[in-house]
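**Q** sequence first, predicted coordinates after that:
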Amino acid sequence: MIKHSVCVLGGGSFGTALANIMAKNGHQVSQWMRNEQQVDEINLTGLNSRYLPNAPLHCELLATSNLEQAIRDSDTVFVSIPSKSFEQVVQRIEPLLTAEKILISTTKGFNPNRFELMSDVLRRNPVTQRIGVLSGPNLAKEIAAGQMTGSVIASSEEAVRHRVIELLKSPTFRLYESKDSKGVELAGALKNIYAIVCGLAKALNVGENTMSMIMTRSLAEMSRFAVHFGANPMTFLGLAGMGDLIATCTSPLSRNYRVGFAIGSGKNLTDAIGSLGEVAEGVNTLKMVVEEAHRNHLYMPLAEGLFKLLFENATLDSLIGSMMTGEQTWDVEFATTEEKKNV
Ligand SMILES: NC(=O)C1=CN([C@@H]2O[C@H](COP(=O)(O)OP(=O)(O)OC[C@H]3O[C@@H](n4cnc5c(N)ncnc54)[C@H](OP(=O)(O)O)[C@@H]3O)[C@@H](O)[C@H]2O)C=CC1
Ligand SMILES: O=C(CO)COP(=O)(O)O
């Protein structure tokens, strides 16, 4: 095995879960975070109590607040910073990059400053284009607890995909390859909107017919949006699409689901986000996606209904109405050609 030097940017739950797997796999791993107390806690006690309590970390995982050294010493950099701060952190590392370094985004969201994905932010650096996206049904707390998990590494460069597999594969973490970076990344970002919808529905005690319809029509809506922006619709049937949609739309471990559940239980959006203490990417994603759907005349009744509920004081009836009384359409219309619809 080749021992790689890896740096994970971000001290949150997902960055910590990934850093821990790679350290256990025998790679040299540093995890950069801005909070000195958290650095000391990880290095002295092997715990990240704020973000990943109950998960003992491997003794070779080195937490650090020295960004410059962490980047200089690494051949692969995982960026696990919420979308709100992603661009700002990437700008800080740009002067430290070299042409061989591989950059992997694990962040499922859009840049709030302009309509672009995290890999677009990475690609704007002038030094390395060795870029990948990791996405799938990857609830950090389950990964840290050693639950079997699958994920997708998407990149146009084979060596990038293989590097990530070499770093992360373990008896409980399995990776699948994809060349459809756009589809994989859009799937991971978009599903957060529908996790909020499903959390809300669950709080209202809807039946399983209803949950199934919401999730399946969510997949249709996500895919329609992504296909418009160049993704392969088949990607949405895989782990990054269907897989992650199921995990986040059904698990109270998902922060986005929890935001929806809190709203369905009567909290307002500010309180629902406030009580999380962690990132729920779906709220910003919803704003960006609804705006872009309008601009491109894309039909997204669930996202539209949620947007009106959260930001325009609409009632829950309007969200239900947008799903039930919208334009009559074909099933799996996003992946079917006109001729096939008529067979
Ligand atoms: N958690 C999960 O199950 C999964 C998460 N993801 C994705 O991973 C991304 C990261 O999420 P996750 O680890 O869960 O997030 P968390 O909310 O758990 O943690 C966020 C981390 O980012 C740090 N951070 C925020 N802003 C800055 C900044 N400006 N400079 C430096 N550090 C900063 C925070 O530091 P501080 O504590 O100092 O504020 C904290 O360490 C998200 O986009 C999410 O969609 C993907 C798959 C699974
Ligand atoms: O993306 C995730 C699991 O795959 C995590 O979802 P949340 O950000 O909603 O917790």
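**A** Here it is on my side, so go on. Ligands and ions are numbered 1, 2, ... in the order given.

**Q** can you tell me which residues contact the most centrally placed residue in the chain?
**A** By CA atoms, centre = their mean, the mean C-alpha position of the chain lies nearest to K108, the distance being 2.6 Å. By CB atoms under 8 Å, 6 or more residues apart in numbering, K108 lies in contact with 83, 135, 185, 188-189, 191-192, 281. (Each C-beta comes from the backbone N, C-alpha and C, glycine too.)

**Q** what about whatever residue of the chain ends up closest to ligand 1, neighbour count?
**A** Nearest to ligand 1 in the chain, going by CB to the nearest ligand atom, is G12, at a distance of 2.0 Å. As a burial measure, G12 scores 20 neighbours (other CB atoms under 10 Å).

**Q** can you pull the pLDDT of the residue nearest to it when sequence neighbours are not counted?
**A** Spatially, and ignoring its direct neighbours in sequence, G12 is nearest to Y51 (5.0 Å; CB to CB, 6 or more residues apart in numbering). For Y51, the model assigns a pLDDT of 96.

**Q** need the contact list for Y51.
**A** Contact analysis of Y51 by CB under 8 Å, 6+ apart lists 11-13, 16, 140, 278.

**Q** who wins on neighbours among those residues?
**A** Neighbour max across those (other CB under 10 Å) = T16, 28 neighbours.

**Q** surely that residue and T106 touch.
**A** No. With contact defined as CB atoms under 8 Å, T16 does not reach T106; the gap is 11.5 Å.

**Q** how far off centre is the longest helix anywhere in the chain?
**A** In the chain, assigned by DSSP state H, the helix with the most residues is helix 181-203. Between the centre of helix 181-203 and the centre of its chain there are 9 Å (CA atoms, centre = their mean, to the nearest Å).

**Q** does that helix reach ligand 1?
**A** No. Against ligand 1, helix 181-203 shows no contacts by CB under 6 Å from any ligand atom, the least distance being 7.0 Å.

**Q** which element follows that helix toward the C-terminus?
**A** Scanning forward in sequence from helix 181-203 by DSSP states H and E, the next helix or strand is helix 208-228.
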